[in-house]
Structure formats: C-alpha cells, structure tokens
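**Q** Okay, here's the prediction I keep looking at, along with the sequence it came from:
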Amino acid sequence: MKFLRSIAVAGAIAAFAVPSFAHDFTAGDLTIDHPWSRATPQGARVAAGYASIRNNGSEADRLIGVRSDLAASGEIHEMAVDGNGVMTMRPLADGIEIAAGEEVRLEPGSFHIMFMNPERQLVEGDNFAGTLVFEKAGEVEVEFAVEGMGGASGHSGHNH
C-alpha cells in the first residue's frame with residue numbers, strides 16, 4: 001500500500017512538473033491561443049511564429065503587425081501552393097482578417113509570422129516575448145513557447 005501511495009504521489013508531482021503548453025492571451029474580443037515557435041539551428045536567418053486567433057466579437061479585426069526583441073523585424077506571411085503545384089511564401093502587406101465569430105490558425109504551411117534575423121538561437125523549452133498588433137484590438141503582448149525543431153511535436157496534441 002505504501003508503495004502504491006508513493007507511485008501516486010510521484011505521478012502527481014510529475015504531472016505538475018511538466019511545463020504547460022496551453023497558454024492564452026486576450027485583448028477585447030480576441031483570444032490568442034498558444035503562441036509557439038520551432039527551435040532553430042545556430043545562425044538561422046529566420047524564425048517562425050504560430051498561434052490560433054479567435055474573434056469572439058461581432059466585428060472583424062485584422063492582424064496588421066508583429067514585433068519582438070528577438071528579431072530585427074517581424075512580418076506576417078502566407079504559404080500556399082500556386083496553380084502549378086509550386087509552394088510559395090509571401091508577406092501579407094494588409095495582414096490577416098479575423099472575421100467575427102471565426103478563428104484563424106497561424107500554422108506551418110499556411111499563415112504564419114516570420115521573425116527576420118533573430119538575435120539568438122531558439123532552443124526547445126525556451127520562451128520569448130512578442131507583440132501582435134491588431135487594427136482594432138491594438139497591441140497584445142504574448143509569449144511564444146519554443147517547441148521542437150522537427151515539427152510541431154509539442155503542439156500536435158492541442159485541440160486546434
């Protein structure tokens with residue numbers, strides 16, 4: 001019995017020792033769910049940022065900018081496949097609209113944030129601060145969780 005109790009206590013401690021990947025930020029009617037980035041190799045010239053943005057309001061808003069002390073500049077990008085099957089990536093000068101009652105997912109292979117010329121390597125388990133700028137909601141301070149380099153391993157378990 002004492003052994004089983006020890007296992008239960010150890011399991012409870014382990015559950016609380018694991019860092020939580022779920023973190024949300026709100027501004028007005030917007031909810032930004034789990035901003036994250038992938039680890040980068042030493043000397044990487046770009047880093048990407050991802051999140052889900054939900055507009056719980058009755059009017060559309062628009063993500064129009066991003067910045068972070070991590071990088072010289074931040075841009076909002078879209079990755080898409082053109083008519084010839086070629087993957088293209090382009091900055092979105094007008095940002096991304098988040099329609100009323102809708103969610104936009106910034107994720108690999110789609111809409112995402114590019115941090116240009118990061119000042120340091122991103123290592124799995126780290127965090128870095130960023131600011132998302134919206135047309136109506138204004139500036140929202142968020143924290144990006146750095147996950148594994150090989151994909152969205154830590155993110156894949158989320159309900160998005």
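**A** Looks like it came in fine.

**Q** Please count neighbours and contacts with C-alpha atoms only from this point.
**A** Will do.

**Q** Relative to P41, how far out is the residue nearest to D94 when sequence neighbours are not counted?
**A** Nearest in space to D94, with sequence neighbours left out and distances taken as C-alpha to C-alpha, 6 or more residues apart in numbering, is I64 at 6.4 Å. According to C-alpha to C-alpha, to the nearest Å, I64 and P41 sit 28 Å apart.

**Q** of these two, who's got more company?
**A** I64 (20 against 14; other C-alpha atoms under 10 Å).

**Q** what comes into contact with whichever strand or helix holds that one?
**A** Secondary structure from DSSP states H and E places I64 in strand 61-67. Under the criterion C-alpha atoms under 8 Å, 6 or more residues apart in numbering, residues 55, 73-76, 93-100, 113, 115, 130-137 lie in contact with strand 61-67.

**Q** Which of those fall within strands?
**A** Among the contacts of strand 61-67, the ones falling in strands (DSSP state E) are 55, 73-76, 96-98, 113, 115, 130-134.

**Q** Report the two of those residues separated the most.
**A** Across the ones in strands among the contacts of strand 61-67, no pair lies farther apart than N55 and S73, at 25.5 Å, counting by C-alpha to C-alpha.

**Q** of these two, who's got more company?
**A** Under the neighbour definition other C-alpha under 10 Å, N55 and S73 were set side by side, and N55 has more, 24 against 16.

**Q** residues in contact with that one?
**A** D29, L30, T31, D61, I98, A99, A100, G101, E102, E103.

**Q** Could you measure from it over to F134?
**A** Taken as C-alpha to C-alpha, the span from N55 to F134 is 11 Å.

**Q** quick revisit: mind giving me JSON lines with the contacts of N55 and columns for distance to D82, pLDDT and neighbour count?
**A** Shown next, in JSON lines, are the contacts of N55 (distance: C-alpha to C-alpha, whole Å; pLDDT from 0 to 100; neighbours: other C-alpha atoms under 10 Å):
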{"residue": "D29", "distance to D82": "34", "pLDDT": "96", "neighbour count": "17"}
{"residue": "L30", "distance to D82": "31", "pLDDT": "97", "neighbour count": "22"}
{"residue": "T31", "distance to D82": "31", "pLDDT": "97", "neighbour count": "17"}
{"residue": "D61", "distance to D82": "27", "pLDDT": "98", "neighbour count": "20"}
{"residue": "I98", "distance to D82": "23", "pLDDT": "98", "neighbour count": "21"}
{"residue": "A99", "distance to D82": "24", "pLDDT": "98", "neighbour count": "17"}
{"residue": "A100", "distance to D82": "28", "pLDDT": "98", "neighbour count": "16"}
{"residue": "G101", "distance to D82": "29", "pLDDT": "98", "neighbour count": "14"}
{"residue": "E102", "distance to D82": "25", "pLDDT": "98", "neighbour count": "14"}
{"residue": "E103", "distance to D82": "24", "pLDDT": "98", "neighbour count": "18"}
